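> Here you go, sequence then predicted model.
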Amino acid sequence: MKLAIPLLAALLALTGCASTGTMPAGANSNKSQPQVVIRPQPQTRPSTTANAEWVILGVSPNGNILHEIDKLSIRHKGNLVLFRDRKTIFNPKKENFLSTPPHKQSINSWEVDCVASTFRLAAMQLLDENGREILSRTYNDSEIRPMPVVRQSASFQQVDYVCKQALAT
């Protein structure tokens, strides 16, 4: 993780420094050498969500999954608090995906009952390494029931964060 951020920053900086290789008018050029034109490669845009403010909650115990919450998505719906999270998998080959297709990133919508300490998955979007959608699915109350929050789990951290944020508003 510590290496990934500086490496990404360096790559972004280097792509910004790419030159077209053209010479200004009147510049002295050697006609015997072919002119090399360097064009920046098209960049793969990471998946972004408009009007999102991603807050890092942490990394999974095996260090392979980054957990984030979209702070701007936290809102009330009756007794529930709704929010969106994003999970980025650094090395998908190290994960067991069970019933979901292999993916690089998931963006999930959740419903939380802060009083009952339960959470329920309402929607899921899976993206590949290029940010292309692999799967998009919504779930109703009968498909996925609210589950109790287990202490010291990723869901516990999420529920704790969103319930505190919801109380502050």
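Nice, I can see it.

> Which stretches in this structure count as helices?
4-16, 154-168 (DSSP state H).

> rank these by mean pLDDT and give me the bottom one.
In terms of mean pLDDT, the lowest-scoring of the helices of the chain is helix 4-16 (a mean of 36).

> residue closest to the middle of this protein?
Against the mean C-alpha coordinate of the chain, by CA atoms, centre = their mean, the closest residue is R86 at 4.6 Å.

> Report the beta-bridge partners for the residue lying closest to that residue once chain neighbours are set aside.
Among residues not flanking R86 along the chain, E68 sits closest, at 4.6 Å (CB to CB, 6 or more residues apart in numbering). To be clear about C-beta, it is placed using only N, CA and C from the backbone, and glycine gets the same treatment. With DSSP bridges as the criterion, E68 is bridged to I56, R86.

> related to what we said a few turns ago, so the residue nearest to the centre of the chain makes contact with I56?
No. Judged on CB atoms under 8 Å, R86 makes no contact with I56 at a distance of 9.8 Å.

> what touches both of these two?
Each of 67-68 lies in contact with both R86 and I56 under the rule CB atoms under 8 Å, 6 or more residues apart in numbering.
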